[in-house]
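Novice: Curious how this folds, go ahead:
(one chain, ligands or ions: 1)
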Amino acid sequence: MTAKEIRQAFLDFFASKGHIIVPSAPIVVKNDPTLMFTNAGMNQFKDVFLGEAPAKAPRVADTQRCLRVSGKHNDLEEVGIDTYHHTMFEMLGNWSFGDYFKKEAVDWSWELLTEVYKLDKSRLYVTYFEGDEKEGLEKDTETYELWKQYVDEANILPGNKKDNFWEMGETGPCGPCSEIHFDSRPDNERAEVSGATLVNADHDQVIEIWNNVFMQFNRIKDGSLHPLPAKHVDTGMGFERLVRVLQGKSSNYDTDVFQPMIQFIAEKSGKKYNSAAKPGDADWADAVAMRVLADHIRAISFAIADGQLPASNKAGYVIRRILRRAVRYSYQTLNFKEPFFNELVPLLAEQFKGVFDELYSQKDFVQKVILEEEVAFLRTLSAGIRRFNELTSIFASITSVEYPEGTIKDIPTGRKIKGEHAFELSDTYGFPIDLTELMAREQGFAVDMEGFEQALQTQKLRSRAATAVSAGDWVVLRGGDNTEFTGYDEMLTQAEILKYRKVTTQGKEQYQLVLNRTPFYAEGGGQVGDTGNLMSEWYDEKKGNLNFEITDTKKENGLIIHYANLSPYYDMETGEQKEWELPNPMPTRFQAAINMGNRIMTNANHSATHLLHAALKETLGEHVNQKGSLVNPDQLRFDFSHFSKVTDDDIEVLERIVNQKVREAIPLKEERSVRYDDAIASGVTALFGEKYGDYVRVITFDDKFSKELCGGTHVQNTAEIGFFKITGESAVAAGVRRIEAITSYHSQDYIQAQSRQIKALKDLLKNPNDLSKSIESLIEDNNRMKKELEKAVLMKASGLKDQLAKTAEEINGINFIAQRVELPNADAVKTLAYHLKDIVPNLFLVLAADINGKPSITVIIDETLVKEKGLHAGNIVKELAKEVKGGGGGQPFFATAGGSDLSGINNALAKAKSFVS
Ligand code: SER
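Specialist: The predicted structure follows:
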C-alpha cells in the first residue's frame, strides 16, 4: 500500500464503525496559553473532554498534523539521529466522546491492524497501565482482560505512569493508556532476544505505533486529578511509523513519505543517502543531515501555512530555531553554500495535495518566507561557525584542564562552552541555543546552560521583556462554564459570575471572571477584546456597589475570560479612596457594560478591514491573503501576502474603492449560522490556519464585494465608517506587507491636521500655485546661496589677512595682533587665523568676532614663542573670556572661547596686550 492508501484505509475503517471524518486542526494553536502547537490529535477536542463544549458527534476520526518540538512532548533532539521520531508527523486518531470506551477501542484497533492491514500478530505487543499508588490510580485490569482475547499473554505488558498514563501538558485532560508496539527485527534476532524486553526501551526496530488513551481525569494546577464529567477514548497512531511497518522498512525515512525528499536532497548535494549508516561511518553525518532536512521542512512549511511566521519570540522563535537548525546542516554537512532548503517546499506541497491543501495553495508564499530566512541566517552562519570553532579549538589540544587561571583567555572549565559564549553565539550570530548545544555535542562538548540562562536573563531584565503570569485555581460560584455571548446585539446586560480566579501578571494582581452571559467581545480574529465595567447588584451601605473595571477580554480554551481590576471605593466618612477586600459571600449578579465609544470605533475599523481585504484582492490580485490583522478603537492594521511594495497609486485606488463602498451605505448582512460547506461554496473568504466549526458566521457587505467568515463585531451600515484613510504601508516579513489605516473621526482629525500643515506652508510661501515646486526651488536657492556665501566668506577672510598683517606691532620680539573682525562663523575666523600664522613670523594673534550675536575669541601663538616664552593660548583665552562673560580653552598654540557679553570685546583685546608686554 502507498502512504496515501494507508491513510485512506484508516479513515474508511472508522467511518464504517460510525465515525464522522473531520479535518485536521491547524498545527498552530491560537487560543490555549498552555500550548503553542498541536501536539496530539486530541488537542482540538480538549474542551469536549473537559465538558466545556459539546461534541459535534459522539464518534469522530481524522488525521491530524502534529508538532512535538516544545513543552511536555518534545522529540526534536531525536530527529534525524534515529529513524522514527519527527518534528511534524501525522497522527491518525479515533475518538469517542462519552460513547464507546475500552472494549470497542481495543477490538477495533486489533481488527484494523490484523485484518485490514494484516500485520503479523506475533510481532505485536500491547501494554496496559500498572497503576500508581502515589496518585491513587488502580491497575487497569479491564484492558488487560480485553487484550487477552486476542493477544498471547507473553505479549501483554504492564507499563508505568511515564509510558502508560497519557497527559497533554502540565494540566488538562489525561488518563491511563494502552500502547501497541511492533517488532520488525529479523526472525533470528527475535528468536534470540524476546521483543517483550525491548518494548519502550528506545530500540529502533521495536517501536510504538499506536496509543489508546482512556480519558478519565483533568489534572489541575495544584497537581491533583479530578474525574471528567464523562469517559472518552482518544487514540493516536503515528502515521509515518505505520507506513514503515506496512511497507516492511526499517526506517520511516525509507518509505514513500520521505524518500522523494531524501532523493532530491541527495541528488542536489551530489551525495548518496545511506540508510544503513551507523555513527562513526563516513556517511553517517550526511545521512543524519538529509533526514533532518526532509523532516524539518515539513514542520516549518505547515507552521507557516497555518499562519505562524518565523519570528524572534514565542511560537515564531520555535519555528525559526528549527529552520536554522536545518540550514546549519544544509550548509555545514551537505555543503550547500547558497540557500537550498526552501527548494523542498514545492515537492512537499505536491505530496500533500488533496490531504492538507493549505500548503499547496500557499506554496510560493511559504517558499519565499523560508528563502528569506535562509538568506538572513546564511549571512552570519559562516562567521558564527568560525567563532564556534575558535571557542572549541582552544581545548582540542588540551587534555588536562589544569592551566593556571588567565594563561589562555576564556578557558571554561572542562570541555564546556561558557554561558556567555553561547549567549554571544545566539546574540551576535543568531545561533539558537539548541543549535549551539547540538554543534557542541557533535564535538564532544557541553554547554554551560546555567551561564547561558543567566546571560539571557540579564539581557531580558534589561529589555524588561519578562512577562510572568501566574494563575490561581478557579473559585466556582455557580456551576457550568457556558457563556452566552450577547455582544452582537447589545452593549449592556445582566449577568452572573460563574467562576473567578486571581492572576498575577508582572507582579500586578488582577481577577479573571467568567460570566453566564456577556456583551464583552473576546479578542479574536484580530479584533481586540472589549473593555468596560461590571457593577454588582449587591451593595454595601457604606461602600456602595462592587465594581470591576474590565481591562481586556480574551478567549481561553473556549471560555470568555474578563480581565478585571477591582475598583476602589470611596469611604463615605473620610472621602478617602480605599481598596476593597472581596466580600464574603462574593456577590454573583452584576450589570455588565462595555465601553461603547471604543466598541463603535472598533466596529468601524473591523468593517473597513473587510472592505480593504476585498479591495486588495481586486486591485493587487487573488494571491492576497490575510496574514495578520489588528483591529482596535484607534486604527486597523492588515498584513497580507504580496511580494512587492504597494505603490502610491495603488494606495489611492484602494482608498477610492473602500470609500466608494462607504458612500454606497451598504447595510450589514450578518448570517450567524451557515453551514461551513455552503459558505465556502458561495465564495466566502476564509483564512488559512483558522479552525472553523461546521456552522460559521458570514459577514457580507454587498454580495458581490465582501463576504468573509468572521466572528467579530461590525457596523450596521458601511456609512458608519465615515471616511477611510491609509496612513502607512510597510514590509513585515518576506512576502508580507502591512497596511495601516484609520476611519471615522480619526481620519477626519488626520486629514484636518494634514491640511492645516499644508495651509501653513502655503501661507509662508504666499500661496504658490504649485506647493512642492516652490519648496523645491526654495531648497535649490538655499543650496546655491550657501555655496556662494561660503565662497564670499573665504574671500573676505583672505582679504582681511593682508590688512591685519599690517597691524602687527612688534613687542619684545613678538609680532602682536589683536583685532575685532567681521566674519559670520567660527570656521572662517579659524581659517583667517591660520593664514596669518603662515605669513607673520613670531605671531601672537587674538581675534574677536560677533558670531550670531555672541562674542567669540580665538588665540594663536607661534610654536617658538610657546617653547621659548612659555606662553599658553589655552590659559590666555580663559583669562580673556572673563571679559565677555564666558569661558573656553585649548592647546598652547591654539585656543578658542565663547561668551555672552559683546560689550566686553574691546576690554578683552586690550587685556591681550598685557600678556605680551
Ligand atoms: N493523545 C494520545 C497521544 O498523543 C493518543 O492520541 O499519544
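Novice: any idea how far the residue in the stretch 351-500 of the chain positioned nearest to the ligand lies from Glu780?
Specialist: Nearest residue of the stretch 351-500 of the chain to the ligand: Phe356, at 18.5 Å (C-beta to the nearest ligand atom). Every residue, glycine included, has its C-beta placed from N, CA and C. Per C-beta to C-beta, to the nearest Å, Phe356 is found 60 Å from Glu780.
Novice: higher neighbour count, the two?
Specialist: Phe356 (21 against 10; other C-beta atoms under 10 Å).
Novice: I figured the more buried one hits Gln64, correct?
Specialist: No - between Phe356 and Gln64 there is no contact under C-beta atoms under 8 Å: 10.2 Å.
Novice: Which residues are in contact with each of those two?
Specialist: Both Phe356 and Gln64 are contacted by Ser24, under the criterion C-beta atoms under 8 Å, 6 or more residues apart in numbering.
Novice: residues making contact with stretch 149-162?
Specialist: Stretch 149-162 has contacts (C-beta under 8 Å, 6+ apart) with 106, 110, 114, 121-122, 124-130, 132, 135, 137, 139, 144, 147-148, 164, 179, 194-196, 199-200.
Novice: at 6 Å what do you get?
Specialist: Residues from elsewhere that reach stretch 149-162, judged by C-beta atoms under 6 Å, 6 or more residues apart in numbering: Trp110, Tyr125, Val126, Thr127, Glu130, Asp132, Trp147, Val199.
Novice: ok, then the element right after whichever strand or helix holds Asp295?
Specialist: In this assignment (DSSP states H and E), Asp295 forms part of helix 284-305. Next along the chain after helix 284-305, taking DSSP H and E as the criterion, comes helix 314-328.
Novice: mean confidence score for that next one?
Specialist: Helix 314-328 shows a mean pLDDT of 93.
Novice: just checking, what packs against the helix or strand that it is followed by?
Specialist: Beyond helix 314-328 in the direction of the C-terminus, DSSP H and E gives the next helix or strand as helix 345-351. Applying 3 or more C-beta pairs under 6 Å, 6 or more residues apart in numbering; DSSP states H and E, one finds that helix 345-351 contacts helix 284-305, helix 363-396.
Novice: Name every strand pairing with the helix or strand just after the last one and say which way it goes.
Specialist: Using DSSP H and E, the helix or strand that follows helix 363-396 towards the C-terminus is strand 416-417. Based on DSSP bridges, the pairing partners of strand 416-417 within the sheet are strand 446-447 (parallel).
Novice: In contact with whichever residue of the stretch 551-700 of the chain sits closest to the ligand, which residues?
Specialist: Closest to the ligand within the stretch 551-700 of the chain is Asn557: 16.4 Å, counting by C-beta to the nearest ligand atom. Asn557 makes contacts with Asp32, Asp47, as judged by C-beta under 6 Å, 6+ apart.
Novice: rerun at 7 Å
Specialist: Neighbour list for Asn557: Asn31, Asp32, Lys46, Asp47, Glu52 [criterion: C-beta atoms under 7 Å, 6 or more residues apart in numbering].
Novice: Leu67 too?
Specialist: Contacts of Leu67 (C-beta under 7 Å, 6+ apart): Ile27, Phe37, Thr38, Asn39, Thr87, Met88, Ala299, Ala303.
Novice: One more pass at 10 Å, please.
Specialist: Counting by C-beta atoms under 10 Å, 6 or more residues apart in numbering, Leu67 touches 27-29, 36-39, 73-76, 86-89, 298-300, 302-303, 306, 308, 315, 318-319, 322.
Novice: Buried ones from those residues, can you make that a PyMOL selection?
Specialist: Listed next is the PyMOL selection for buried residues among the contacts of Leu67, using 16 or more other C-beta atoms under 10 Å:
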select buried, resi 27+28+29+36+37+38+39+73+75+76+86+87+88+89+298+299+300+302+303+306+308+315+318+319+322
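Novice: Now Thr171: closest residue in space, sequence neighbours ignored.
Specialist: Among residues not flanking Thr171 along the chain, Arg219 sits closest, at 5.3 Å (C-beta to C-beta, 6 or more residues apart in numbering).
Novice: I figured that neighbour hits Glu170, correct?
Specialist: Yes - in this structure, Arg219 is within contact of Glu170 by C-beta atoms under 10 Å, at 7.5 Å.
Novice: Compare neighbour counts for these two and give me the winner.
Specialist: Between Arg219 and Glu170, counted using other C-beta under 10 Å, Arg219 has the larger neighbour count: 18 against 12.
Novice: And the helices in the stretch 651-800 of the chain?
Specialist: Per DSSP state H, counting those that start in this stretch, the stretch 651-800 of the chain carries helices over the ranges 676-681, 744-764, 771-806.
Novice: Nearest to Pro519, out of those helices?
Specialist: Counting by C-beta to C-beta, Pro519 lies closest to helix 744-764 out of those; the figure is 21.1 Å.
Novice: Let me know the average pLDDT across the closest one.
Specialist: Mean pLDDT, computed over helix 744-764, is 95.
Novice: Can you give me the buried ones in the host helix or strand of Gly888?
Specialist: Assigned by DSSP H and E, Gly888 belongs to strand 887-890. Under the neighbour-count criterion of 16+ other C-beta under 10 Å, strand 887-890 has Gly888, Gly890 buried.
Novice: what about stretch 355-370, average pLDDT?
Specialist: Here stretch 355-370 scores 94 as its mean pLDDT.
Novice: distance between that stretch and the chain's centre?
Specialist: The chain centroid and the centroid of stretch 355-370 are separated by 19 Å, computed with C-alpha atoms, centre = their mean, to the nearest Å.
Novice: Kindly report the same for stretch 734-747.
Specialist: Taking C-alpha atoms, centre = their mean, one finds stretch 734-747 lying 20 Å from the centre of the chain it belongs to.
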